[in-house]
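Enquirer: Predicted model follows, preceded by the sequence.
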Amino acid sequence: MNFKFWKEHSKNVENCQVRTRFAPSPTGYLHIGGLRTALYSYLFAKQNKGKFIIRLEDTDVERYVKNVAEAIYSSLKWAGLVYDEGPEIGGSFGPYIQSQRLEIYKKYADELIQKGYAYYCFCGEKTLEKMRQDQIAEKQAPKYDRRCLKLSNNEIREKLSAGVPYAIRMKIPDNRVIEFTDLIRGKVSYNTNELDDQILLKSDGYPTYHLAVVVDDHLMEITHVTRTEEWLPSTPKHILLYEYLGWKTPQWVHLPLLLNPDKSKMSKRKGDVAVEDYIKKGYLPEAMINFLAFLGWNPGTEKEIYSMEELLKDFSLEKVHKAGAIFNIEKLNWFNQYYIRQLSEKDLLKKCELYLPPKKDFTDKQIIKMLNLEKERSKTLPEIGESVKFFFELPKYDKSLLIWKNTSEEEIKISLKKLCDIVERIPEKMFTKEQLEETIMPEAEKSGDRGIMLWPFRAAISGQHASPGPFEIAEILGKEGILRRLRDAIKLL
């Protein structure tokens, strides 16, 4: 985008209150790409001391999913995107649920008919499907052939009086170039010959996206329409509707799509796409927001870690690129691991509680020590919960786990018995990582290969091939817990 354009746009923004919106549909849980769109809309509004609005687009009755709307609101709150107006909190431009605005859409659809910019269409599904198949057979682009536009006023009145079901279609002008400026893509133009006479109001009285979005954005005084590039071809239709209704158009912002690693569009067939999936998997909102911010935007520096406050300061639509952004799960894991490490001990315990077994005999202090041992190498909260399970219950393991290299079972048994003797001699109040290391290491060195003692020690008290060091584990489990596990290992041999 050229500098002159952005300078002019910045002046315009200063002269009006910015109002952006995010308008999810309750046909499924909040898509991860939807959260990115909401984030960009939120950041732009808040940077410009504007308002961020939520509007529920629930006019797709056939695909409506019960209780999904509440889950969408919950996901937005989880991410820290607090909206100024919306279904749950109200506002001056409500209602904010489209199914509660049907009379409004009907009013403007009727106005378009009266002005000659729309017309009644009485074609049923079978007629439209046959029309589509015939056009495909003739290698034509499927498009409404405008047969109902040719009906006389008398024919229309007769059909309406007879109660024949109808939809209302917009009338697209022939051979006209619609040009507009997109804040991401610059100048964009379409010829109206490429457009279809879009249905605006369906036979069930519900509007299509095209009518509802224009009416709502105008009445709610939305200044910047932020959505993904898949809606770019619909924009000329929306511009025509603004023109037909005598309204000023908003600024257009079409964001790049989110792509799978193979550069295909993110879909449910290729992994998790719902925000709820990532919440359940133990991703932190700070990590998700930081990660999504970079899926389309580049600050032009080496800085990668951004809090919401820093994004509000540095984010710029001017630096959002046009190309699709690859959703790289490894990068998300990297961000999540970073933010897990930044958690205070209190927050770490609170966030991990859901993924931990019952506390049994452990104090919060002991559990925090367990979590601190594992948080450095865990990418998600459930991973931490899984990795500390051996503290709560020793997993069953084969006795071969206790064997160090080519050492015999008898030698390992001797090492374990020595460890029992050493542990028994250490007073409970001195049972610390430092004391254990100071006492056991000299004994381990005596054999010439300290692995003969240290390996079975760690294996016996963790029951795992890979775990934290034995002294850290021992301090947390305590004297009696360690003796019990060592004796069980001896019995196993």
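Expert: Ah, there it is. Residues are numbered from 1 along each chain as shown.

Enquirer: Just give me the neighbour total for residue 109.
Expert: 21 (other Cβ atoms under 10 Å). C-beta coordinates here come from the backbone N, C-alpha and C atoms, glycine included.

Enquirer: per-residue pLDDT, it?
Expert: Looking at residue 109, its pLDDT is 98.

Enquirer: what's the answer for residue 270, then?
Expert: 54.

Enquirer: Please apply the same query to residue 386.
Expert: Residue 386 is assigned 94 on the pLDDT scale.

Enquirer: Contacts only, for it.
Expert: By Cβ atoms under 8 Å, 6 or more residues apart in numbering, the residues touching residue 386 are residue 355.

Enquirer: What strand or helix carries it?
Expert: Residue 386 is part of helix 381-387, with elements assigned from DSSP states H and E.

Enquirer: pLDDT (mean, whole number) over the next helix or strand after that helix?
Expert: Moving toward the C-terminus from helix 381-387, the next helix or strand (DSSP H and E) is helix 389-392. Mean pLDDT, helix 389-392: 94.

Enquirer: ok, and for helix 389-392, which residues are buried?
Expert: Across helix 389-392, burial judged by 16 or more other Cβ atoms under 10 Å covers 389-391.

Enquirer: Flag every buried residue along stretch 232-251.
Expert: Neighbour count says stretch 232-251 has 232, 234-241, 244, 249-251 buried, by 16+ other Cβ under 10 Å.

Enquirer: And the helix holding residue 386, how far out from the chain middle?
Expert: 21 Å (Cα atoms, centre = their mean, to the nearest Å).

Enquirer: Could you list the domains of this protein?
Expert: For the chain, automatic domain parsing gives the domain ranges 18-97+210-258, 102-201, 343-392, 399-492.

Enquirer: now do the same end-to-end measure for the second one.
Expert: This points to domain 102-201. Domain 102-201 has its terminal residues 10 Å apart, counting by Cα to Cα, to the nearest Å.

Enquirer: likewise the third one?
Expert: With Cα to Cα as the measure, the ends of domain 343-392 fall 23 Å from one another.

Enquirer: And stretch 308-319, by the same measure?
Expert: This stretch, stretch 308-319, spans 17 Å end to end (Cα to Cα).

Enquirer: what's next to it, contact-wise?
Expert: With contact meaning Cβ under 8 Å, 6+ apart, stretch 308-319 is reached by 1, 6, 40, 43-44, 46-47, 80, 183-184, 253, 286, 289-290, 293, 297-300, 306.

Enquirer: Filter those residues down to the buried ones.
Expert: When neighbours are counted using 16+ other Cβ under 10 Å, the contacts of stretch 308-319 contain these buried positions: 1, 40, 43-44, 46-47, 183-184, 253, 286, 289-290, 293, 297, 299, 306.

Enquirer: ok, those residues vs residue 198, which is closest?
Expert: The nearest member of the buried ones among the contacts of stretch 308-319 to residue 198, counting by Cβ to Cβ, is residue 253 at 21.7 Å.

Enquirer: That closest one: what secondary structure?
Expert: strand (DSSP: H, G, I helix; E, B strand; the rest coil).

Enquirer: isn't it right next to residue 186, touching?
Expert: No: contact criterion Cβ atoms under 8 Å: residue 253 and residue 186 do not qualify, at 12.0 Å.

Enquirer: can you give me the helices for the stretch 101-250 of the chain?
Expert: 102-115, 125-137, 153-161, 209-219, 235-244 (DSSP state H, counting those that start in this stretch).

Enquirer: Is it possible to get CSV of those that adds distance to residue 196?
Expert: As requested, those are exported to CSV (distance: least, Cβ to Cβ, whole Å):
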stretch, distance to residue 196
helix 102-115, 16
helix 125-137, 11
helix 153-161, 21
helix 209-219, 11
helix 235-244, 9
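
Enquirer: name the helices or strands packed onto the helix or strand where residue 370 lies?
Expert: Using DSSP H and E, residue 370 maps to helix 364-375. For helix 364-375, the packing partners by 3 or more Cβ pairs under 8 Å, 6 or more residues apart in numbering; DSSP states H and E come out as helix 345-352, helix 381-387, helix 470-492.

Enquirer: Pull the last one out as CSV, backbone CA atoms only.
Expert: Going back to what we said before, that points to helix 470-492. C-alpha atoms of helix 470-492 as CSV (Å, rounded to 0.1, in the frame of the first residue of the first chain):
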residue,chain,number,x,y,z
PRO,A,470,16.4,-38.6,40.6
PHE,A,471,17.4,-36.1,43.3
GLU,A,472,14.6,-33.7,42.2
ILE,A,473,12.1,-36.5,42.1
ALA,A,474,13.2,-37.8,45.5
GLU,A,475,12.9,-34.5,47.3
ILE,A,476,9.2,-34.2,46.1
LEU,A,477,8.2,-37.8,46.9
GLY,A,478,9.8,-37.7,50.3
LYS,A,479,11.7,-40.3,52.3
GLU,A,480,8.9,-42.8,52.8
GLY,A,481,7.7,-42.6,49.2
ILE,A,482,11.2,-43.2,47.9
LEU,A,483,11.9,-46.2,50.2
ARG,A,484,8.6,-47.7,49.1
ARG,A,485,9.4,-47.5,45.4
LEU,A,486,13.0,-48.7,45.9
ARG,A,487,11.8,-51.8,47.8
ASP,A,488,9.2,-52.5,45.2
ALA,A,489,12.0,-52.4,42.5
ILE,A,490,14.0,-54.9,44.6
LYS,A,491,11.0,-57.2,44.8
LEU,A,492,10.5,-56.9,41.0
